[in-house]
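[1] Kindly return the folded structure for what I paste below:
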Amino acid sequence: MDAVIERARRVRLLVLDVDGVLTDGRLFISPAGEEFKVFHVRDGSGLVAVQRAGVTVAIVSGRSSEAVTRRAAELGIRHVRQGVAEKAAELESLMRELGVAAAETACVGDDTPDLPMLRVAGLAVAVADAHPALRGVAHWITPSPGGRGAVREVCDLLLSASAP
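    Predicted coordinates for the structure are as follows:
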C-alpha cells in the first residue's frame, strides 16, 4: 500500500470512465429511447473535495450521454470527453493540454476499453467489480464496486496521500 500512496501523492489529474465507474454499469433506456444513469452522491462529494484540493478531474468515456454532461457540470468537471474510441490517445492529448505528466495522472476504469488508459497512468485504479484483465494492470483496486462509492474511495486515497 505504501507504493500506492506514493503514486497517489503525485496525482494532479484524475481521469474517470463513466459506465461501470461513476455508475454501476447498467443502462436504463426508456421505451422512447431516453437513457437514465444513476450516480452515487458520495462520489460527487469526493470529486468536489479533490478539486478543491487542487486535483483536476476529467471524464473520458466511450459512450455519449446528456446525463454525463449534466452531472459533470453539477460537479464542476470541465474536461469531459465522450464518444472516445481511443482512450489512451485522448488521455495523452488531455495531459498535453493540461501540462500534466503520466506520473501525475490517476485513471479509474472497469472494463477492457479502459486498459490502454490505465497503462499510461502513473496510478491505475480498477473498481472492485472490474473485468479481471484490469487486475493485472491496476496499482490499486477499490474496495467498492463502480457506482457504489468506488470513486469516493479513490478521492479519499488522493486526499489522504496529500495530507501532511
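[2] where does the chain dip in pLDDT?
    Judged by pLDDT under 70, the chain has its weakly predicted residues at 164.
[3] Tell me where it has strands.
    Ranges of strands in the chain, per DSSP state E, are 13-16, 28-29, 35-36, 56-60, 79-81, 105-109, 123-126, 140-141.
[4] Kindly present the ones you listed as CSV, with separate columns for distance to residue 5 and mean neighbour count.
    Using the backbone N, CA and C atoms, a C-beta is placed for each residue, glycine as well. Formatted as CSV, the strands of the chain follow (distance: least, C-beta to C-beta, whole Å; neighbours: other C-beta atoms under 10 Å):
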stretch, distance to residue 5, mean neighbour count
strand 13-16, 15, 26
strand 28-29, 37, 10
strand 35-36, 37, 13
strand 56-60, 20, 22
strand 79-81, 25, 16
strand 105-109, 12, 29
strand 123-126, 10, 28
strand 140-141, 9, 18
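[5] want to throw those into TSV with distance to residue 66?
    Listed next are the strands of the chain as TSV, based on distance: least, C-beta to C-beta, whole Å:
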stretch	distance to residue 66
strand 13-16	17
strand 28-29	13
strand 35-36	8
strand 56-60	13
strand 79-81	11
strand 105-109	22
strand 123-126	26
strand 140-141	31
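[6] and of those strands, who's closest to residue 43?
    Closest to residue 43 of those is strand 13-16 (C-beta to C-beta; 9.0 Å).
[7] What about residue 44, how many residues nearby?
    18 (other C-beta atoms under 10 Å).
[8] Quick one: residues contacting it.
    By C-beta atoms under 8 Å, 6 or more residues apart in numbering, residue 44 lies in contact with 71, 74, 75.
[9] same thing but 6 Å
    The neighbours of residue 44, taking C-beta atoms under 6 Å, 6 or more residues apart in numbering as the test, are residue 75.
[10] next one: residue 105
    So residue 105 contacts 13, 121, 122 (C-beta under 6 Å, 6+ apart).
[11] Residues in a beta bridge with it, which ones?
    For residue 105, the beta-bridge partners are residue 13 (DSSP bridges).
[12] ok, now how distant is it from residue 36?
    As for residue 105, its distance to residue 36 is 30 Å (criterion: C-beta to C-beta, to the nearest Å).
[13] Which residues lie in contact with residue 12 in this structure?
    The contact partners of residue 12, taken as C-beta under 6 Å, 6+ apart, are 100, 104.
[14] and what of residue 35?
    29, 65.
[15] Closest one of the contacts of residue 105 to residue 148?
    residue 121 (22.0 Å).
[16] Contacts only, for the nearest residue to that closest one once chain neighbours are set aside.
    Spatially, and ignoring its direct neighbours in sequence, residue 121 is nearest to residue 107 (3.9 Å; C-beta to C-beta, 6 or more residues apart in numbering). By C-beta under 6 Å, 6+ apart, the contact set of residue 107 is 15, 117, 118, 121, 124.
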